[in-house]
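**Student:** structure for this input, please:
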Amino acid sequence: MAAEAALAHPAVKPDPRLIVPLDLPTVDEARAMVETLGDSISFYKVGLELFASDGMTLAHELKAAGKQVFLDWKLHDIGTTVQRATSVLAQSGCDFLTVHGEPQVMAAAVRGKGGSNLKVLAVTVLTSLSDEDLIETGYHETARALVERRIHQAIAAGCDGVISSPHEAALARALGGRDFLVVTPGVRPDWSAKNDQARAATPLDALKAGASHIVCGRPITAANDPHAAARRVANEMSGA
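**Tutor:** Residues are numbered from 1 along each chain as shown. Modelled structure (predicted):
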């Protein structure tokens with residue numbers, strides 16, 4: 001069976017800019033997806049769904065297997081709690097950690113990571129939110145204006161980068177500079193459905209706009225052949 005799988009999916013070099021979220025109900029399902037994707041993916045996101053079960057065990061397993069890991073925990077609490085939680089996570093060897101883009105939260109996370117290699121990324125505005133959603137929430141500015149304000153605050157706090165939609169990737173790159181991390185969820189190839197992403201773009205467009213990494217989930221993980229879908233997305237990214 002393993003030999004047949006190898007013939008069906010010959011070895012490929014994964015694109016380290018492509019992050020696949022393991023947004024699956026159980027750790028066992030996530031492990032199965034990682035096995036299915038094989039050598040096509042080197043970077044995984046472990047989010048809240050798995051956090052509620054045994055996400056850190058999975059994260060350690062992925063690191064032991066030589067993968068990069070993005071802990072999408074979106075920490076949001078008083079500064080002391082965020083600092084202590086980040087300090088613990090910094091010892092895990094994981095690569096990215098998200099926190100909500102509020103000045104006190106961001107500054108606390110930066111203190112917590114200390115001299116570790118963990119990269120702290122500030123969530124600007126969720127890609128599922130439109131301008132109308134923000135108005136309903138009580139904000140009196142557009143998504144783009146709020147993203148811009150939070151990028152400035154993330155830079156001031158010492159964050160390594162931000163999470164923003166592909167539509168604001170160019171803005172984040174211009175403000176943050178060459179080495180600033182700009183991670184864009186809401187990436188949907190032309191051949192896939194947008195699902196619940198209100199501010200989406202194709203992988204190639206996101207990278208051309210200034211993204212350093214893209215997060216692409218359901219077009220890959222919900223495909224009939226996830227490995228082939230991952231390679232298709234990576235091929236599209238190669239044009240940037």
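
**Student:** using PDB, write out every CA atom in stretch 225-240.
**Tutor:** Below are the C-alpha coordinates for stretch 225-240, written out as PDB (Å, rounded to 0.1, in the frame of the first residue of the first chain):
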ATOM      1  CA  ASP A 225      -7.300  14.200  -3.300                       C
ATOM      2  CA  PRO A 226      -5.800  16.500  -0.800                       C
ATOM      3  CA  HIS A 227      -2.200  15.700  -1.900                       C
ATOM      4  CA  ALA A 228      -3.000  16.600  -5.500                       C
ATOM      5  CA  ALA A 229      -4.800  19.800  -4.400                       C
ATOM      6  CA  ALA A 230      -1.900  20.900  -2.200                       C
ATOM      7  CA  ARG A 231       0.500  20.400  -5.200                       C
ATOM      8  CA  ARG A 232      -2.000  22.400  -7.400                       C
ATOM      9  CA  VAL A 233      -1.900  25.300  -4.900                       C
ATOM     10  CA  ALA A 234       1.900  25.200  -4.600                       C
ATOM     11  CA  ASN A 235       2.200  25.300  -8.400                       C
ATOM     12  CA  GLU A 236       0.000  28.400  -8.500                       C
ATOM     13  CA  MET A 237       2.200  30.000  -5.900                       C
ATOM     14  CA  SER A 238       5.400  29.300  -7.900                       C
ATOM     15  CA  GLY A 239       4.400  32.200 -10.100                       C
ATOM     16  CA  ALA A 240       5.200  34.700  -7.300                       C
END
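
**Student:** can you list contacts of it?
**Tutor:** Stretch 225-240 is contacted by residues 9, 12, 14-15, 17-18, 20, 33, 36-38, 40-41, 189, 191, 202-204, 207-208, 214, 216, 219-220, 223 when judged by CB atoms under 8 Å, 6 or more residues apart in numbering. All C-beta spots, glycine's among them, are computed from the backbone N, C-alpha and C.

**Student:** so which of those belong to strands?
**Tutor:** Among the contacts of stretch 225-240, the members found in strands (DSSP state E) are 18, 20, 214.

**Student:** ok, the second one - contacts?
**Tutor:** For Val20, the residues meeting the contact criterion (CB under 8 Å, 6+ apart) are 37, 41, 43-45, 215-217, 220-221, 230.

**Student:** in helices, which of the contacts of stretch 225-240 appear?
**Tutor:** 33, 36-37, 203-204, 207-208, 219-220 (DSSP state H).

**Student:** quick one: which of these has the most company?
**Tutor:** Neighbour tally across the ones in helices among the contacts of stretch 225-240 (other CB atoms under 10 Å): the maximum, 29 neighbours, falls on Pro203.
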